[in-house]
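>>> Pasting a predicted model and its sequence here:
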Amino acid sequence: MVLKYSIDAGAIYALSGAFLPPWFYLLPIASLKLEGLQQINELWLGVYVLWTLLFMWIGASMTYRRLQDAGKSPMLTILFFVPFINYFALLFFALIPPREGLEDVIMPKEIDQRWWLSFWGSAVAGTLIGAFVVVLFSVFSVFVIGEYGLALFAGLPFVNGFIVCSLFNTKETRTLFQTVVLSQASVAFSGLTLILLAFEGVLCVAMLAPFALVLAGIGGFLAWYLTRGSTLAVPLAIVLIPLLAIAEPKLEAPLQEVQSSVVIDASPQQVWSQVVAFSELPRIARWFFKLGIAYPIRARLEGEGIGAIRYCEFSTGAFIEPITRWDEPNRLSFDVIAQPPTMEEWSFYKHIHAPHITESLKSRRGEFRLIELEDGRTRLEGSTWYTQDLKPYWYWYRWSDFLIHAIHTRVLEHIKSETEAL
C-alpha cells in the first residue's frame, strides 16, 4: 500500500500538480477516488486503472495463499473485496498462525481438489469474477469513454450471466434451473457491488433491475446450452464488451414530449395567475418521490412578459426558465437554461459520483396552454420537451415519461386546487 501510494501520488503530482493525501487510499468509495483523478487525462486514467488491477491481483492472490497457509477456507478471499470489512479481515488473516504440516499445503493432491470447481465454489468464484467485470467495465464506460450506452446497460448484464454460468458449468453441467437462478443472483450481487462502491444508488439499480435480470437470464441460458464444460468463450465475452462500447455509434438522443392535462372549474383568466407562479405545494404523497426523485415545491416569476425569468423550485434545486411566449391568458412558453439533479440517490454514503444524475436527462423547454371550454371551465395542458441520453432509449424513456407525467400531475392538480379555492 505504501509503495502504490508513493508511486501514484508522485505520478499524479508530476502530471497535474495535484497532491493526493494518504487517506485517499483508505476510502472504499471507488467513485470518489475516480472523481479525485479527473485532473489527469483519459489515457493516464486508463493506465491507472490497469496499474490498480495489478495490485488487486497481488492482494487477492496473497490473501488466498495466506488462508491456505493458515488452513482456512480459500473462499474467505471474497472478504478482500468487501469495503470496510476488508481492512479488518486482512488484519485478522495476518495474525492467525500457520497450521501444522505446512508442506501439505503445496502438495499436488491438495491443489487437485480445486475447490472452485465444486458446486458452491464455482458459484461463488463465478459471481466474484462477474462482479469484477461489471465494475471494471462500468468504470471504463462511464469515466473513460463517458457513455451510458447499450454495451453498458444491455451487453454487460448479458455477459455477466454468461460468464458466471459458464464457470458454474465447467466441471459438470448443472441443471437449467440452477444455472438461471445463479444468473439472477450474480447480477443482483453485481448491482449491490456498484452500490457499495458508490458508483450507483439503490434507486437507479432498482430501475435497471427488470431489464438486467432478463438479459442475465438469457446469458445464463446460452452459457448452459453452449459451453457444456468449456469456458473458452469467457475471455471472448470479456473482451467483446469494451470493443462494443468503443464501436457503439454516438446517436443524438431524440426529443421527447410529455403532455398532461386537467380540467379546472374557473375561467382562463383566473387560472393564469396560478400558472405563472404557483404557491408552495403540499407534502408529497406519491411513494416514488419519497425515494429521492426530484419533485416540484413552488414557482416564482421575476418580471413580466417575454424575457421574464421563471424559477421552478424542486427538491434538488431550481429550474431557470426564461419566458419565450407570453400570451395571457392562453399560452405560456419557456426554455430551460439550467436545471438541478434529477434525483437524490439512496446510498450508504452521503455522496456518490454518478454522472447520469446531472448529465443524462435534459429538460429543453416547457409550455402551459389554457383552453376555454364551452361550459366556462378551463382545460389546462402542460408539456415538457426533454432528451434522455441513457440507452436503450425505449426502456429509459418509459421511466422518464412516467416520472415527468407524475410531476406534471402534481403541479396541475395543485393549480386546480388553488384556483378553485379562490
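Perfect, thanks for sending it.
>>> Tell me which stretches of this protein form helices.
With helices called from DSSP state H, the chain shows them at 2-16, 30-36, 42-69, 85-95, 108-112, 119-139, 150, 156-168, 176-196, 202-226, 233-247, 268-276, 356-359, 393-420.
>>> With adjacent residues omitted, what lies nearest to Gln178?
Phe168 (7.8 Å; Cβ to Cβ, 6 or more residues apart in numbering). Glycine gets a C-beta too; all of them are placed from N, C-alpha and C.
>>> What separation is there between the closest residue to Ala245 other than its chain neighbours and Gly191?
If the residues on either side of it in the chain are set aside, Ala245 comes closest to Ala151, at 3.9 Å by Cβ to Cβ, 6+ apart. Note on Ala151: its distance to Gly191, by Cβ to Cβ, to the nearest Å, is 17 Å.
>>> residues contacting Thr419?
Ile264, Ala266, Gln270, Val271, Gln274 (Cβ atoms under 8 Å, 6 or more residues apart in numbering).
>>> What confidence value was assigned to the nearest residue to it once chain neighbours are set aside?
In this structure, Thr419 finds its nearest non-sequential neighbour in Ala266, 4.8 Å apart by Cβ to Cβ, 6+ apart. Ala266 is assigned a predicted lDDT (pLDDT) of 93.
>>> Could you count how many residues lie near Ala266?
19 (other Cβ atoms under 10 Å).
>>> I'd like to know how far it sits from Val275.
In terms of Cβ to Cβ, Ala266 sits 12 Å off from Val275.
>>> Next: Ala188.
For Ala188, the distance to Val275 - Cβ to Cβ - is 45 Å.
>>> More neighbours: which of those two?
Using other Cβ under 10 Å as the criterion, Ala188 and Val275 rank with Val275 on top: 24 against 16.
>>> Wait, the more buried one touches Glu367, no?
No: using Cβ atoms under 8 Å as the test, Val275 is too far from Glu367 to be in contact (10.4 Å).
>>> And the residue nearest the centre of the chain?
Glu200 (3.9 Å; Cα atoms, centre = their mean).
>>> which residue packs closest to that residue, ignoring adjacent ones?
Leu194 (4.5 Å).
>>> and if you look at Gly303?
Ile309 (6.2 Å).
>>> Dump the contacts of Thr419 to TSV, plus distance to Pro329.
Below are the contacts of Thr419 laid out as TSV (distance: Cβ to Cβ, whole Å):
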residue	distance to Pro329
Ile264	12
Ala266	11
Gln270	8
Val271	7
Gln274	11
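>>> Please pull out the lowest mean pLDDT helix or strand from the protein.
helix 108-112 (a mean of 45; mean pLDDT, DSSP states H and E).
>>> Measure how buried Ile352 is and give me the count.
Ile352 has 22 nearby residues by other Cβ under 10 Å.
>>> Point out where the stretch 301-422 of the chain drops to low pLDDT.
For the stretch 301-422 of the chain, applying pLDDT under 70 flags the ranges 348-351, 353.
>>> What segments of it are strands?
Per DSSP state E, counting those that start in this stretch, the stretch 301-422 of the chain carries strands over the ranges 309-314, 317-327, 331-335, 361-372, 378-388.
>>> Trp394 is nearest to which of the ones you listed?
strand 378-388 (10.7 Å; Cβ to Cβ).
>>> What residues sit buried inside the closest one?
Neighbour counts over strand 378-388 (16 or more other Cβ atoms under 10 Å) mark Thr378, Leu380, Glu381, Gly382, Ser383, Thr384, Trp385, Tyr386, Thr387, Gln388 as buried.
>>> for stretch 6-15, same thing?
For stretch 6-15, by 16+ other Cβ under 10 Å, it's Asp8, Ala9, Ala11, Ile12.
>>> Just flag the most distant two among the residues you listed.
Longest span within these, Cβ to Cβ: Ala9 and Ala11, 7.5 Å.
>>> can you tell me how far the residue nearest to His356 when sequence neighbours are not counted sits from Pro157?
Excluding its sequence neighbours, the residue lying closest to His356 (Cβ to Cβ, 6+ apart) is Tyr148, at 5.6 Å. Tyr148 sits 14 Å away from Pro157, going by Cβ to Cβ.
>>> before we move on, what about Lys290?
28 Å.
>>> what does Asp327 give?
Asp327 is 48 Å from Pro157, by Cβ to Cβ.
>>> And these two? Which one has more around it.
Legend: neighbour count by other Cβ under 10 Å for Asp327 and Pro157, higher for Pro157 (28 against 11).
>>> Contact partners for the more buried one?
By Cβ under 8 Å, 6+ apart, the neighbours of Pro157 are Val187, Phe211, Ala212, Leu213, Leu215, Ala216, Gly219.
>>> Which of those are buried? Put it as a PyMOL command.
Selection of the buried residues among the contacts of Pro157 in PyMOL, burial being defined by 16+ other Cβ under 10 Å:
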select buried, resi 187+212+213+215+216+219
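>>> Could you find the lowest-pLDDT member of the contacts of Pro157?
Among the contacts of Pro157, Gly219 has the weakest pLDDT, 90.
>>> ok, that residue touching Ser186?
No: under the criterion of Cβ under 8 Å, Gly219 is not in contact with Ser186, lying 9.8 Å apart.
>>> Quick one: distance of stretch 279-296 to the chain centre.
22 Å (Cα atoms, centre = their mean, to the nearest Å).
>>> Show the average pLDDT along it.
Rounded mean pLDDT across stretch 279-296 is 84.
>>> For stretch 17-26, the averaged confidence score.
On average, stretch 17-26 scores 72.
>>> now swap in stretch 96-105 and tell me
Mean predicted confidence for stretch 96-105 is 69.
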